[in-house]
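K.L.:
mind looking at a prediction? Sequence and model below.
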Amino acid sequence: MLPSGIYEQLVNTKISTELSKLDPEQYDIQLESLEAEDARRILTIYISYVIQQGLHYIRDSYPVSRDRESLIAQIKLCNDIVSEVAMHTNEPDFEDNQILEKGEILTSLYNKLNSARAIAGKANQKVIRPETSIVENALFTGSKKEPSMLSELKKEIMSSDQVDLLVSFIKWSAIRPLLPELKAFTSRPNACLRVITTTYTQATDYKAIISLSNLPNTTVKINYETNHARMHAKSYLFKRDTGFSTAYIGSSNLSNPALTGGLEWNVKVTEKESFDIVKKFSVSFESYWNDDTFETFDPNDEACCKKLQDELSKPTFDKNNPRHLHLEFRPYAYQQEILDNLEAEREVHGHYNNLVVAATGAHTIILTSQKDIEIRILRTCLFFWPAAGSG
């Protein structure tokens with residue numbers, strides 16, 4: 001008998017039989033139609049489970065002494081499914097997905113003559129790869145039975161083509177042990193390291209930002225906001241041209257304690273098993289990267305360096321009055337754009353009667369008619385105008 005609770009289960013023959021045994025007067029049974037746009041995702045998950053169960057059954061039906069026969073039988077099942085897909089789609093190219101009976105797995109492919117490995121004189125050395133799978137998802141809980149986040153990140157970096165880091169703060173204690181791998185990675189001609197971080201807790205180390213931003217093929221962007229829009233994400237994306245990208249999402253910031261111990265939990269998702277999640281990660285990162293509130297840090301720009309130092313040394317409260325928070329109000333990027341346009345209208349065109357239309361919830365800007373524009377960011381006020389006939 002099916003247990004009570006919520007489901008998202010495709011109704012197959014077994015489920016249909018179980019449901020037919022239930023008295024509709026006693027049970028509230030909710031069913032929804034499978035939508036065509038959701039079918040690919042739901043059917044993929046379902047058929048993956050069915051195939052997995054079938055492979056388990058085949059494997060367990062053979063004794064250990066017949067492992068080779070068990071493997072061939074499992075491969076045959078997969079190849080039969082591939083043939084069915086080729087027939088139903090009328091795409092002969094699908095037959096190219098047939099698995100060879102040898103049962104081999106390609107683990108790496110590098111040019112011996114013209115590659116970063118060859119140039120570094122490491123063409124004959126063992127290929128660096130993460131200890132955990134780059135096909136299956138994994139959970140890191142800080143257990144001694146699993147690799148540490150620090151050691152795994154080093155290997156992820158060295159086996160990637162592009163690295164995107166999105167962390168709320170960065171400590172020198174984490175960058176220092178990662179620096180050899182980061183230097184080796186960014187020294188490759190086509191490498192790309194992008195880092196997004198913040199200053200809102202003053203936890204980021206200035207030395208860490210300088211070290212990162214001085215690396216070749218590296219760009220660091222910083223969010224200086226100290227309001228409700230602050231970023232709490234701790235995530236790492238390792239892109240690979242081979243289609244085996246991986247991402248880490250969890251609780252570990254770039255600090256040594258978070259990467260080497262402590263009660264930190266992080267989920268590793270792979271492009272092969274969780275394509276949609278990795279894709280969403282990449283798209284979200286790009287949206288942050290192109291957001292004006294994340295400013296590019298230039299270690300050779302004195303103004304940039306001073307701004308970062310000032311933000312990191314800014315007190316979070318008045319020491320003489322512990323109950324008085326030290327707050328600073330400054331416009332968002334979109335608010336600054338409005339202010340710049342207003343200043344142009346006043347100073348260039350001589351227009352002093354201007355109307356600003358802004359959506360509620362966007363921190364209403366009050367602008368005075370004084371020579372110097374005064375900004376007051378106030379709580380949004382919502383005015384109601386009764387519609388005709390409403391009394």
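P.N.:
Here it is on my side, so go on.
K.L.:
only C-alpha atoms for contact and neighbour calcs from this point on.
P.N.:
Noted.
K.L.:
centroid residue for this protein?
P.N.:
F281 (3.4 Å; CA atoms, centre = their mean).
K.L.:
give the buried residues for the host helix or strand of that one.
P.N.:
Per DSSP states H and E, F281 falls inside helix 275-289. For helix 275-289, burial by neighbour count (16 or more other CA atoms under 10 Å) applies to 275, 278, 281-282, 285, 289.
K.L.:
which element follows that helix toward the C-terminus?
P.N.:
With DSSP H and E, the next secondary element past helix 275-289 is strand 294-297.
K.L.:
who does that following strand pair up with?
P.N.:
Strand 294-297 pairs in its sheet with strand 218-223 (antiparallel), by DSSP bridges.
K.L.:
averaged pLDDT, the strand it pairs with. What do you get?
P.N.:
Throughout strand 218-223, pLDDT has a mean value of 97.
K.L.:
circling back to that earlier point, going by distance to R68, which of the buried residues of helix 275-289 wins?
P.N.:
F275 (31.6 Å; CA to CA).
K.L.:
from L109, how far out is that closest one?
P.N.:
Separation of F275 from L109 (CA to CA, to the nearest Å): 22 Å.
K.L.:
can you check V85 too?
P.N.:
Taken as CA to CA, the span from V85 to L109 is 29 Å.
K.L.:
higher neighbour count, those two?
P.N.:
Taking other CA atoms under 10 Å, V85 and L109 do not tie; V85 has more neighbours (15 against 8).
K.L.:
you'd agree the more buried one is in a strand?
P.N.:
No - applying DSSP: H, G, I helix; E, B strand; the rest coil, one finds V85 to be helix, outside a strand.
K.L.:
tell me which residues touch it, please.
P.N.:
Applying CA atoms under 8 Å, 6 or more residues apart in numbering to V85 gives the contacts F94.
K.L.:
what do you get if the cut-off is 10 Å, keeping everything else the same?
P.N.:
Going by CA atoms under 10 Å, 6 or more residues apart in numbering, V85 touches 79, 91-92, 94-95.
K.L.:
ditto for K102
P.N.:
K102 makes contact with 68, 71-72, 75, according to CA under 10 Å, 6+ apart.
K.L.:
Three-state assignment for it, please.
P.N.:
Per three-state DSSP, K102 ends up coil.
K.L.:
roughly how far does it sit from R68?
P.N.:
Taking CA to CA, one finds K102 at 10 Å from R68.
K.L.:
swap in A39?
P.N.:
In terms of CA to CA, A39 sits 36 Å off from R68.
K.L.:
of those two, give the one with the bigger neighbour count.
P.N.:
The neighbour comparison of A39 against R68 (other CA under 10 Å) goes to R68, with 14 against 11.
K.L.:
so which helix or strand takes in that one?
P.N.:
Judged by DSSP H and E, R68 forms part of helix 67-89.
K.L.:
list the buried ones in that helix?
P.N.:
Applying 16+ other CA under 10 Å to helix 67-89 flags 70-76, 78-79, 82-83, 86 as buried.
K.L.:
give me the secondary structure label for S160.
P.N.:
With three-state DSSP as the basis, S160 sits in coil.
K.L.:
what residues are bridge-paired with K268?
P.N.:
In beta-bridge terms (that is, DSSP bridges), K268 pairs with A138, Y248.
K.L.:
against T141, how distant is it?
P.N.:
11 Å.
K.L.:
who has more neighbours out of the two?
P.N.:
Set K268 next to T141 and count neighbours by other CA under 10 Å: K268 wins out with 21 against 18.
K.L.:
low pLDDT regions in the stretch 51-200 of the chain?
P.N.:
115-121, 123 (pLDDT under 70).
K.L.:
same thing but at 80, please
P.N.:
114-124 (pLDDT under 80).
K.L.:
next, the angle helix 275-289 makes with the longest helix belonging to the chain.
P.N.:
Ranked by number of residues, the top helix in the chain under DSSP state H is helix 36-60. On the basis of axes from the mean of the first three to the mean of the last three CA atoms, to 10 degrees, helix 36-60 is oriented at 130 degrees to helix 275-289.
K.L.:
got the angle for helix 36-60 vs helix 67-89?
P.N.:
Using the same axes, to 10 degrees: helix 36-60 against helix 67-89 is 160 degrees.
K.L.:
roughly how far is helix 36-60 from the heart of the chain?
P.N.:
26 Å (CA atoms, centre = their mean, to the nearest Å).
K.L.:
again with stretch 126-146
P.N.:
Remark: stretch 126-146 is offset 18 Å from the chain centroid, using CA atoms, centre = their mean.
K.L.:
can you check stretch 170-185 too?
P.N.:
On CA atoms, centre = their mean, the centre of stretch 170-185 falls 20 Å from the chain's centre.
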